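>>> Take this sequence and fold it.
(one chain, ligands or ions: 1)
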Amino acid sequence: MQYRFSERMSTMKPSAIREILKNTTRGDVIPLAAGNPSPEAFPTTAIAEITADILTNNPIAALQYGISEGYAPLRAWLKRYLREEKGMGTDADELLILTGAQQGMELAAKALRDAGDVVICEDPSFIGSLNAFRSHGLRMVGVPVRDDGMDMDALEAALQREGRARFIYTIPNFQNPAGVTMSLEKRRKLYALALQYGVLILEDNPYGDLRYFGADIPTIKSLDSDGIVLYVGSFSKTISPGLRVGFLLLPAGALGPFTVAKQAVDVHTPVLNQMIVNEFVQRYGYAEHLARLREIYRRKLALALDCMETHLRGKLEYVAPEGGLFIYCKLPEGVSTPEFCARCIAGGVAVVPGTAFSAKEGEDSPYIRINFSTPTDAQLVRGIEILGSLL
Ligand SMILES: Cc1ncc(COP(=O)(O)O)c(C=O)c1O
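This next block holds a predicted model:
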């Protein structure tokens, strides 16, 4: 049988990261390419206990169809948590539970895009989101990322130029892949520009709670008195990516259309998974859990930076991130990124080429992304040593 796939599929590339990860399952390749939480960060015993309790005491609720907007106790806790702890959300905002943050990008594209529309995004940016936007026919317009976030002059020029800009997509904290954080001044400017040009903001913040150094910066959503920010959050990096529980905090008027868009995709997020997340934060306290995670990753990031100082100093350029899971590094001039990444695999270490994150498909990039959460400490040390010797 000869299959004929849609034209839209031809705009989508397999995730370079997932392709690279196939190599890391070989066992002899050190995984510096993934974005997985560290095995030691999973609250496995607590989740095992909670799951057994739910399935013993409340099995039908957990296994029955659920409400598309999400499991009510989780929504209620989350709404309170975001408001009290993060200063986010007003009476005019609502919550939609998502099957992973990724679904937020998919639903935003689906619910907001008309033919010819444009997304303004950071360049580089998260490949999963770019693929979701592309799959809905949105055209990507990239804005360069500086050490303190999006270049605001380039953003303004793009807004002036692109009459069909529908929303600005940003990852303001510990950006994936660049690792940088947008300053408060730039967050205010971005908000003001979006308001001025009548464009929405899609704020994607899966790493916001993973700050190891420095002080938290208010989210863009917390500045939102005009109902123009759609805020995507996730428990993937903080509790478990396999549970696939994320959320969207959005202006109440948008809840209906987004819920209908979600119903067509998966009806609702698995109820058992939402119950596990809810019970975990109630029993163990989210703040206490996050404090433990920060300790694990602060140590791992310090170890990575220490090894990089020893083995990569003068060979790679990078900005030390204050949180998140990634360090973005510029290769020396004249080094071909694809060739270097291929040599890394052959040498026993996997990293992601910057090309994978380009807003303009196929554009060359002199960068590689290194992840420090997935490998063991020994793998991290050895992996960076190998990178140094290859360079
Ligand atoms: C910036 C960004 N947004 C969204 C996601 C997707 O998160 P989830 O696993 O919750 O779908 C990721 C995952 O790596 C990410 O880095």
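>>> Okay, helices next: where are they in the stretch 151-300 of the chain?
Under the criterion DSSP state H, counting those that start in this stretch, the stretch 151-300 of the chain contains helices at 152-161, 184-197, 252-266, 271-284, 286-311.
>>> Identify, out of the ones you listed, the most deeply packed stretch.
helix 271-284 (a mean of 20; mean count of other C-beta atoms under 10 Å). Any C-beta I mention is one placed from the backbone N, CA and C, and that applies to glycine too.
>>> Just the C-alphas of that one, formatted as PDB.
Included here for helix 271-284 are C-alpha records, laid out as PDB according to Å, rounded to 0.1, in the frame of the first residue of the first chain:
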ATOM      1  CA  VAL A 271      -8.200  11.600  35.600                       C
ATOM      2  CA  LEU A 272      -6.000   9.200  37.500                       C
ATOM      3  CA  ASN A 273      -2.900  11.300  36.600                       C
ATOM      4  CA  GLN A 274      -4.600  14.500  37.700                       C
ATOM      5  CA  MET A 275      -5.600  12.900  41.000                       C
ATOM      6  CA  ILE A 276      -2.100  11.700  41.600                       C
ATOM      7  CA  VAL A 277      -0.700  15.200  41.100                       C
ATOM      8  CA  ASN A 278      -3.400  16.700  43.300                       C
ATOM      9  CA  GLU A 279      -2.900  14.200  46.100                       C
ATOM     10  CA  PHE A 280       0.900  14.600  45.900                       C
ATOM     11  CA  VAL A 281       0.800  18.400  46.400                       C
ATOM     12  CA  GLN A 282      -1.800  18.100  49.200                       C
ATOM     13  CA  ARG A 283       0.000  15.400  51.100                       C
ATOM     14  CA  TYR A 284       3.600  16.400  50.600                       C
END
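>>> How about the residues of the stretch 101-250 of the chain by the ligand?
Within the stretch 101-250 of the chain, the positions adjacent to the ligand are 101-102, 126, 128-129, 171, 176, 204, 206, 234, 236, 241, 246 by C-beta under 6 Å from any ligand atom.
>>> export those residues to a markdown table and tack on distance to residue 313?
Output for those, formatted as a markdown table (distance: C-beta to C-beta, whole Å):
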| residue | distance to residue 313 |
| --- | --- |
| 101 | 35 |
| 102 | 36 |
| 126 | 28 |
| 128 | 32 |
| 129 | 33 |
| 171 | 28 |
| 176 | 25 |
| 204 | 32 |
| 206 | 30 |
| 234 | 34 |
| 236 | 33 |
| 241 | 33 |
| 246 | 38 |
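>>> Export those residues to CSV and append columns for neighbour count.
What follows is these, written out as CSV (neighbours: other C-beta atoms under 10 Å):
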residue, neighbour count
101, 25
102, 22
126, 24
128, 18
129, 25
171, 29
176, 25
204, 29
206, 27
234, 24
236, 20
241, 20
246, 23
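>>> Can you pick out the most distant pair from those?
171 and 241 (16.4 Å; C-beta to C-beta).
>>> picking that back up, let me have the helices of the stretch 151-300 of the chain in JSON lines, extended by mean pLDDT and distance to residue 120.
Shown next, in JSON lines, are these (pLDDT from 0 to 100; distance: least, C-beta to C-beta, whole Å):
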{"stretch": "helix 152-161", "mean pLDDT": "98", "distance to residue 120": "5"}
{"stretch": "helix 184-197", "mean pLDDT": "98", "distance to residue 120": "9"}
{"stretch": "helix 252-266", "mean pLDDT": "96", "distance to residue 120": "19"}
{"stretch": "helix 271-284", "mean pLDDT": "98", "distance to residue 120": "32"}
{"stretch": "helix 286-311", "mean pLDDT": "97", "distance to residue 120": "30"}
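>>> looking at the ones you listed, which is closest to residue 69?
helix 252-266 (5.8 Å).
>>> on contacts alone, who are the packing partners of that closest one?
Counting contacts by 3 or more C-beta pairs under 8 Å, 6 or more residues apart in numbering; DSSP states H and E, helix 252-266 packs against strand 93-98, helix 102-112.
>>> Okay, angle between it and helix 102-112 too, please.
110 degrees (axes from the mean of the first three to the mean of the last three C-alpha atoms, to 10 degrees).
>>> Now look at helix 252-266 and say if it contacts the ligand.
No - Helix 252-266 does not reach the ligand (C-beta under 6 Å from any ligand atom); its nearest approach is 12.7 Å.
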